[in-house]
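In: can't give you the sequence, but here's the structure:
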């Protein structure tokens, strides 16, 4: 009995020790929930799903910092036409179940509920797609997510803005065709796709298969299981098969591991092409000088700087409000996080033209995102010149723009090595139609009719954005 | 004083052999079920249903299944999530290929298919025991994972390997709102728990327990190891299959093979170890502990208004959660269900312990 008593006591004292450690470490910086005094026109709540821990943290952290810094910048500049942005982060470690839990946790917060979600995970995108329709909250998946959700008739609340994986895969094939002097020269070439074994990595396969049938190149697909630190078998296969090109669809530590394995197997880095999630600094810097020559897709931007970076350094970092280290501002993933937040904020701005300057619901913001136009003038005003291209969405096209360039790592920075490519919708459209029709059948969804909605909108002149703005 | 069976006389065998012989227990369980059906829907929020309660109930079903195999029959398995995925994909394929089937039939068939697969993978248990068997069930986990990720027929040729389902319809009742979903999974959990309780009390359960305690002795007294072990695998996988189908259709709505990976199998095993091996109540305790506690821990700093970063909060979550597992295993190696039983013993003597 006495022994039992003692073990109990020591267990309790151990717990007390943990508790003490917890209270000590509580003094760490950066608030989970940021609130600034309301500027008078109410608050718009932006949930932030992020992953700063786990195998994907090297890539998830700069993105989240860019996202949050942009929201802070908008607040520092007076909010969205005076409506203050509030936000709360939820850490999910790139685990789909925890991401869904975060979605449920944050969707009802703020005066009008969550404005929109931006999960930065294709797995979470798949899992919450039908939930967002029921909850009427838009889901922006800039550069990732379901490729078929470009179709607004079946996916009213999904917005894969600025590019899907089919866009990415299509552009990569176009690039290697150009290098070889035309699509007909691709015949007999070997392309290997090394992919993260999840919906993210599997998305491009449909398009690559289509393209390989069309041009007669041989496609080999090699899955890599989560988290992707074990790739010896994959690279052994590559060594045996000797492909002409390797496409890398990885994320987090999987990317740097793949580049390292390429070095070990002697596969030339300049014949490797990463998707835009496998083409940032954290993917190549751990490998060191050997990563030189590695190529990747640049989704709109690379590590270029523009006025907005100066604004963030001045108005956010300058006031001690910066989320991450100062040096991170301007890196590929940081800028992508920033642009991702910008797309959401611009969607709210567009919706405000119709519904008035006040906190808007997710349903209202959906309208803004579906009728979003960011032209060259607006890009200039935002300070994003050179970082992004004009974008315009509509009911049938939730992607908005589908152009990208190739950039190459020279050991210190990324340099563009190609001109702009535009994804070929002649090839992608039929695929979108197939899969979205299948999805609609599985889910028993009745398609909206974009034509009917446009006719309806034309009949009510007072509902057009311009008229509302004049009022 | 309150919890004492003085004056409760059993005058028939039926009264003596009933499920809950003590009147207080009976009232407590009836009250608990009434609370679950009437009060919980009124009290819980949308978030609690979707993130905590519904997954808790479904995982409790899967944990009961695993407890039958590990806790009652003594066959260690780390493949429960694989059998869940068999149930989920079986239900998915039944629904899209035979759309006129009632969902309850689909659930039964999904459970049945999972039971067949489970019994198949249980065959090695006739020759190998203990940790070696655990390793062979690990093979089931990896093989089934691989199968659903690679064989496209199972996912209806979905381009990304992810499948999605329509809301369930049952006799004109569309199960869509969180409350509806909760009531549906709760009803299934109640029925399956009752069935499990009766199974483990009956001759089948006794043959499992005899096999667990000493298989040679069990064989000597006339229990066939073949039927005992394979039936445990089949029943356990049936529960897993039903839980898997519910996990896919009711909780997730859309899933990828990764949703049923080795992590879930290990979590289920931890649930029954911490909850209590060989106890149905333990499955519920364990599911609550493993599923709900991390989520609550994660939200404590925010709820208290302590300004720490989300990354630190999730590191703390892992640390405290790990600490609590160790703590409970030191205090009571037989699991939370044993603590509950000790509490009941003490309550019987209260307020005058010897």
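Out: Sure thing, it's come through. Treat the numbers as computed from the prediction; the structure is a model and nothing was measured.
In: residue A:142 and residue A:339 touch, don't they?
Out: Yes. With contact defined as Cβ atoms under 8 Å, residue A:142 and residue A:339 form a contacting pair (7.0 Å). The C-beta positions use only the backbone N, C-alpha and C, and glycine is treated the same way.
In: any common contacting residues for these two?
Out: Common contacts of residue A:142 and residue A:339 (Cβ atoms under 8 Å, 6 or more residues apart in numbering or on different chains): residue A:162.
In: enumerate the residues of the stretch 1-150 of chain B near chain A.
Out: For the stretch 1-150 of chain B, the contact set with chain A under Cβ under 8 Å from any Cβ of the partner chain comprises B:46, B:47, B:50, B:51, B:96, B:149.
In: which ones are touching the nearest residue to the last one once chain neighbours are set aside?
Out: The one in question is residue B:149. With sequence-adjacent residues excluded and distances taken as Cβ to Cβ, 6 or more residues apart in numbering or on different chains, residue B:149 is closest to residue B:257, at 4.4 Å. Counting by Cβ under 8 Å, 6+ apart, residue B:257 touches B:85, B:145, B:148, B:149, B:161.
In: go on, residue A:296?
Out: Contacts of residue A:296 (Cβ under 8 Å, 6+ apart): A:273-276, A:278-280, A:283, A:406-409, A:414.
In: can you redo these as JSON lines with pLDDT?
Out: Converted to JSON lines, those look like this (pLDDT from 0 to 100):
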{"residue": "A:273", "pLDDT": "95"}
{"residue": "A:274", "pLDDT": "94"}
{"residue": "A:275", "pLDDT": "94"}
{"residue": "A:276", "pLDDT": "93"}
{"residue": "A:278", "pLDDT": "93"}
{"residue": "A:279", "pLDDT": "92"}
{"residue": "A:280", "pLDDT": "92"}
{"residue": "A:283", "pLDDT": "92"}
{"residue": "A:406", "pLDDT": "94"}
{"residue": "A:407", "pLDDT": "94"}
{"residue": "A:408", "pLDDT": "94"}
{"residue": "A:409", "pLDDT": "94"}
{"residue": "A:414", "pLDDT": "92"}
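In: among the residues you listed, name the ones in helices.
Out: residue A:283 (DSSP state H).
In: domain parsing of chain A, as residue ranges.
Out: A:33-163+A:303-392, A:166-298 (automatic domain parsing).
In: end to end on the last one, go ahead and measure it.
Out: Across domain A:166-298, the straight-line distance between its terminal residues is 15 Å, by Cα to Cα, to the nearest Å.
In: need phi/psi at residue A:432.
Out: phi -60, psi -40 (degrees, to the nearest 10).
In: cool, residue A:88 as well?
Out: According to degrees, to the nearest 10, residue A:88 has phi -140, psi 140.
In: burial check on it, number of neighbours?
Out: For residue A:88, the neighbour count with other Cβ atoms under 10 Å in any protein chain shown is 21.
In: can I assume it is in contact with residue A:108?
Out: No. Here residue A:88 does not reach residue A:108: they are 11.6 Å apart, not a contact under Cβ under 8 Å.
In: ok, residue A:198 to residue A:438 distance?
Out: Distance, residue A:198 to residue A:438, by Cβ to Cβ, to the nearest Å: 20 Å.
In: ok, now residue A:168?
Out: Taking Cβ to Cβ, one finds residue A:168 at 22 Å from residue A:438.
In: could you look up the SS state of the spatially closest residue to residue B:136 that is not a sequence neighbour?
Out: Closest residue to residue B:136 apart from its sequence neighbours, by Cβ to Cβ, 6+ apart: residue B:124 at 4.4 Å. The three-state label given to residue B:124 by DSSP: H, G, I helix; E, B strand; the rest coil is helix.
In: report pLDDT for residue B:124.
Out: pLDDT recorded at residue B:124 is 89.
In: ok, back up a step: columns distance to residue B:73 on top of the domains of chain A, output as JSON lines?
Out: Converted to JSON lines, the domains of chain A look like this (distance: least, Cβ to Cβ, whole Å):
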{"stretch": "domain A:33-163+A:303-392", "distance to residue B:73": "29"}
{"stretch": "domain A:166-298", "distance to residue B:73": "31"}
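In: looking at those domains, which is nearest to residue B:153?
Out: domain A:166-298 (15.5 Å; Cβ to Cβ).
In: hmm, back to that, out of the contacts of residue B:257, which is most surrounded?
Out: residue B:85 (32 neighbours).
In: who are the neighbours in contact with residue 142?
Out: All of this is about chain A. Here residue A:142 is in contact with A:118, A:159, A:160, A:161, A:162, A:163, A:336, A:339, A:340, A:343 (criterion: Cβ under 8 Å, 6+ apart).
In: should've been chain B
Out: Neighbour list for residue B:142: residue B:262 [criterion: Cβ under 8 Å, 6+ apart].
In: just residue B:8 next, same as before
Out: So residue B:8 contacts B:21, B:22, B:23 (Cβ under 8 Å, 6+ apart).
In: between these, which is nearest residue B:215?
Out: Using Cβ to Cβ, the contacts of residue B:8 come closest to residue B:215 at residue B:21, 30.4 Å.
In: ok but that closest one is inside a strand, no?
Out: No. Residue B:21 sits outside any strand when classified using three-state DSSP, being coil.
In: which residues of the chain score low on pLDDT?
Out: By default, I'm working from chain A. Counting by pLDDT under 70, chain A contains low-confidence ranges at A:1-40, A:460-471.
In: that's the wrong chain, I meant chain B
Out: For chain B, the ranges with pLDDT under 70 are B:1, B:354.
In: all strands for it, in order.
Out: For chain B, strands defined by DSSP state E occupy the ranges B:163-164, B:168-170, B:173-175, B:254-255.
In: and chain A, which of the ones you listed is closest to it?
Out: strand B:254-255 (5.1 Å; Cβ to the nearest Cβ).
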